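K.L.:
Could you work out the structure for the sequence below:
(one chain, ligands or ions: 2)
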Amino acid sequence: MNLNKYLDVKPEVAEAIANGKPVVALESTIISHGMPYPQNVETALAVENIIRENGAVPATIAIIGGRLKAGLTAEEIEYFGKKGQAITKASRRDLAVLCARGEDGATTVTTTMIIAHMAGIKIFATGGIGGVHRGAETTMDISADLEELGQTPVMVVCAGAKSILDLGLTLEYLETKGVPVIGYGTEELPAFYCRTSGFGVDYRIDTAEELAKVFKTQNDLGMKGGMLVANPIPEQYAMPADAINAAIDQAISECAAKGIHGKETTPFLLARVSELTGGDSLASNIQLVFNNARVAAQTAAAYCKL
Ligand code: PSU
Ligand code: MN
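P.N.:
Numbering: from 1, shown residues only. Ligands and ions are numbered 1, 2, ... in the order given. Alright, predicted model coming up:
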């Protein structure tokens, strides 16, 4: 089963993959760098339960002691949650060094896609993806997540992207890379805490069955890239755009003033926006991840029937 000598697939996950049962991948940077402890651990465990309730097996992905893990135990999730930002945030360029040195790494959307694909998992649920940062025309800060979506055949179900990014440029980049951006039940790209952004998606799809069919077709066509499904936060948890945008603008100017750059930028902005908007934004963040887990599990189940 383990085709890759650095990969450990949790037995429950390996069994599901071998028998054509639905599996949903989950990332670990959202645990270590995306939310505070203990809500991060509680959320990660609750997301796994939601995936099970919707008929799929969860596989939280991470790097532990240099091993690529497809599926974590509850103890391992607790370890990532507690260690938080002390864990290396692992993107594509970090993978070989961490494996060779036997170190730990929290997987971003990029590395979760890579490891999911190695394990044979096709559908992945998260909160928000990385993208083209505001001011990228001079900083060139463009997340590796967009490159990965262009080259690895995994469907990523998210709630769009936070307006810490330039959403218009992010969509342009995805178009260049040939990544279909699908609105789940919407024509507009959701902006994480907000259901709307003013930017249109490429296609609107209303059912998990059609998501599965389109992604299966893309795979059958031999196209190597992924697909981005943007699922708006449920209405009752959505936040007013004005309050969020004020916090985002403040966080971005603080980030620039402190000279923060590179891989630290996104974790800094996430933590600062969350502090500035208080507990409401954390509650919304948790609910949108639950919502994405449901859609991903239903899509994985539909995919297995095709
Ligand atoms: N955006 C969020 N929440 C997150 C992330 C981004 O709203 O947790 C994390 C994800 O792991 C994503 C990564 O893959 O940050 C992107 O980091 P960067 O912008 O440095 O590529
Ligand atoms: Mn970056």
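K.L.:
When you work out contacts or count neighbours from here on, use the C-alpha atoms and nothing else.
P.N.:
Will do.
K.L.:
and the strand ranked longest in the chain, what does it pack onto?
P.N.:
As assigned by DSSP state E, the longest strand anywhere in the chain is strand 57-64. Strand 57-64 sits against helix 11-18, strand 23-26, helix 39-53, strand 67-70, strand 105-107, helix 109-119, with contacts defined as 3 or more Cα pairs under 8 Å, 6 or more residues apart in numbering; DSSP states H and E.
K.L.:
Could I get these in JSON lines, plus columns for distance to ligand 1 and mean pLDDT?
P.N.:
Output for the helices and strands packed on strand 57-64, formatted as JSON lines (distance: least, Cα to the nearest ligand atom, whole Å; pLDDT from 0 to 100):
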{"stretch": "helix 11-18", "distance to ligand 1": "22", "mean pLDDT": "98"}
{"stretch": "strand 23-26", "distance to ligand 1": "10", "mean pLDDT": "99"}
{"stretch": "helix 39-53", "distance to ligand 1": "11", "mean pLDDT": "98"}
{"stretch": "strand 67-70", "distance to ligand 1": "16", "mean pLDDT": "98"}
{"stretch": "strand 105-107", "distance to ligand 1": "7", "mean pLDDT": "98"}
{"stretch": "helix 109-119", "distance to ligand 1": "4", "mean pLDDT": "98"}
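K.L.:
Looking at these, which is nearest to ligand 2?
P.N.:
For these, proximity to ligand 2 was assessed by Cα to the ion; helix 109-119 is nearest, at 11.9 Å.
K.L.:
I'd like the next helix or strand past the closest one.
P.N.:
strand 123-125 (DSSP states H and E).
K.L.:
Look up the closest residue to the residue in the stretch 151-300 of the chain positioned nearest to ligand 1, ignoring the ones flanking it.
P.N.:
For the stretch 151-300 of the chain, the residue closest to ligand 1 is Lys263, as judged by Cα to the nearest ligand atom, at 4.4 Å. Nearest residue to Lys263, sequence neighbours excluded (Cα to Cα, 6 or more residues apart in numbering): Lys89, at 7.8 Å.
K.L.:
Run through the bridge partners of that neighbour.
P.N.:
Under DSSP bridges, the beta-bridge partners of Lys89 are Ala106.
K.L.:
What of Ile142?
P.N.:
Bridge pairing for Ile142 (DSSP bridges) gives the partners Val132.
K.L.:
quick one: contacts for it?
P.N.:
With contact set as Cα atoms under 8 Å, 6 or more residues apart in numbering, Ile142 has these partners: Gly130, Gly131, Val132, His133, Ala136.
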